[in-house]
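J.: could you look at this predicted model? Sequence included:
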Amino acid sequence: MLMGKEKIIPIIAIIFLLTGISSSIYVYATTPSVSSYNTGDKSITVNNQQFTIEQIFSDAQLRDIVTPDGINFSGVALDDLIMKTKIDCPLCHEYKIVAADSYEKTVTWENMQNGVLTEDGTAAFSDLAKAFRVKYVIKIEVV
Amino acid sequence: MNKTKLILGVILFGSLWGFSETILGTYLHNTSLPTGSIMTGVFAVGLMTISRVLYKQRGMQFGMGLVAGALRLFNPCGTCFICSAIAIMAEGLIFELIWYKLSLDLTELKKTTMSVSMGIIAAYGCFVGGYIVTQILTPLSQSAGFHIENLIVFIPQILARGLPAALIGGILVPVALMLKKVDIASVKDKVYYPLTATVSAACWIIVILNAIFILKVI
């Protein structure tokens, strides 16, 4: 039995290390560097339509929110941004906010009505936990 | 071992863990360091290994997780502190499951290869397991709900972020095992009881005062 553990434990440890290393390589290779994320010349895809941050901020309604952890965010209203894409029945859909580092969160229309997209490309919601704060937003999908 | 001594040990180490999660974790979050890996590798796995080595009792580490999670509940900062508390408890349970088959005197871990390996397994397992639990529980507690596809695309990131925790565990567990010769049962009662009670109480008082201070500021 002791011999079994002597073999199994190092093998599992190596598997865990290899998993960590290969995942790090995969993440590094497939994820665009967030340090190069620059909202100045960045375009964001909203419901399959591309907008520059400048366009978004000149067209959509602005909103200030306070998140449940007490942080203030100012930006464009996410619901208004979606409405600009001429969507039918916004309440019938959910919205997937996708970041440059592949982090994504799916939210409801009600959440979008309490959300903003800031000038630095962060989506934040006054009615959702910090885990739903998505930095480096590149896409908002209607699902 | 005397049951009262053991229970006080659970409370002491659980309180130290909860204290580090709530107080040190909050300050580490404001740095560019990998906070999650440090908290799991150094404090969670470090303290659980030390308690396992000193007390040689199964189930103690899950008890520590319950105490540390309860202490997290007394610091209602952040949006889903219940989720954080459950994630801490989950780490205690995962550690317990990983170490369950080992003998109480940990003779299997005499060789450095074995102790390093156990450190890697425990820290990586606790980090990845705890992270996944949080990623499921937090959305479930929110109006947006949980979407499995959000978790699946994030799994490579979770597995990658666990690497520093694994490396820290691989170093810290062999160090913690050096305490094997310390016999906690031989510590005099008149020293053990006041010391464990005072340190545990101090952890709880500091966490509660910190929560009151933060809530007043907000």
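T.: Sure, I can see it.
J.: okay, now the sheet partners of the strand or helix carrying residue A:44, with direction.
T.: Using DSSP states H and E, residue A:44 maps to strand A:43-46. With DSSP bridges as the test, strand A:43-46 is paired with strand A:49-52 (antiparallel), strand A:137-142 (parallel).
J.: select from those strands the stretch with the lowest mean pLDDT.
T.: Least confidently modelled of those is strand A:49-52, at a mean of 90 by mean pLDDT.
J.: mean confidence for the helix or strand following that strand?
T.: Proceeding N to C from strand A:49-52, the next assigned helix or strand is helix A:53-59, under DSSP H and E. For helix A:53-59, the mean pLDDT works out to 87.
J.: show the contacting residues for residue A:132.
T.: Counting by CB atoms under 8 Å, 6 or more residues apart in numbering or on different chains, residue A:132 makes contact with A:105, A:107, A:111, A:125, B:139, B:142, B:144. From N, CA and C alone the C-beta is placed, and that goes for glycine too.
J.: ditto for residue A:122
T.: Residue A:122 is in contact with A:73, A:75, A:133, A:134, A:135, A:136, A:137, counting by CB under 8 Å, 6+ apart.
J.: need the max-distance pair from those.
T.: With CB to CB as the measure, no two of the contacts of residue A:122 lie farther apart than A:73 and A:136, at 15.0 Å.
J.: now the residue minimising distance to the centre of chain B. Nearest residue, chain neighbours left out?
T.: By CA atoms, centre = their mean, chain B has its centre lying nearest to residue B:44, at 2.6 Å. Distance criterion CB to CB, 6 or more residues apart in numbering or on different chains; nearest residue to residue B:44, sequence neighbours excluded, is residue B:91 at 5.2 Å.
J.: give me the buried positions along the strand or helix carrying that neighbour.
T.: Using DSSP H and E, residue B:91 maps to helix B:81-99. By 16 or more other CB atoms under 10 Å in any protein chain shown, the buried positions in helix B:81-99 come out as B:81-96, B:98-99.
J.: any idea of the mean pLDDT for that helix?
T.: 90.
J.: also stretch B:148-160?
T.: For stretch B:148-160, the mean pLDDT works out to 94.
J.: now do stretch B:137-145
T.: Here the average pLDDT along stretch B:137-145 is 87.
J.: buried residues of it, list them for me.
T.: For stretch B:137-145, burial by neighbour count (16+ other CB under 10 Å) applies to B:137, B:138, B:139, B:141, B:142, B:144.
J.: ditto for stretch B:208-218
T.: Using 16+ other CB under 10 Å as the test for burial, stretch B:208-218 gives B:210, B:211.
J.: distance between the helix or strand bottoming out on mean pLDDT in chain B and the chain's centre?
T.: Sorting the helices and strands of chain B by mean pLDDT, DSSP states H and E puts helix B:25-29 at the bottom, at a mean of 80. Chain-centre distance of helix B:25-29: 15 Å, with CA atoms, centre = their mean, to the nearest Å.
J.: do that helix and chain A meet at all?
T.: No: Helix B:25-29 is not in contact with chain A by CB under 8 Å from any CB of the partner chain; minimum separation 10.3 Å.
J.: just checking, what packs against that helix?
T.: In terms of contacts (3 or more CB pairs under 8 Å, 6 or more residues apart in numbering or on different chains; DSSP states H and E), helix B:25-29 is packed against helix B:35-38.
J.: what's the burial count for residue A:13?
T.: Applying other CB atoms under 10 Å in any protein chain shown, we find 23 residues neighbouring residue A:13.
J.: kindly apply the preceding question to residue A:89 instead.
T.: Each residue near residue A:89 was counted by other CB under 10 Å, and the total is 7.
J.: show me the contacts for residue 143.
T.: Looking at chain A here, since you left the chain open. Taking CB under 8 Å, 6+ apart, one finds A:93, A:94, A:95, A:96, A:106 in contact with residue A:143.
J.: hmm, no, I was thinking of chain B.
T.: Counting by CB under 8 Å, 6+ apart, the residues that residue B:143 touches are A:108, A:110, A:111, A:127, A:128.
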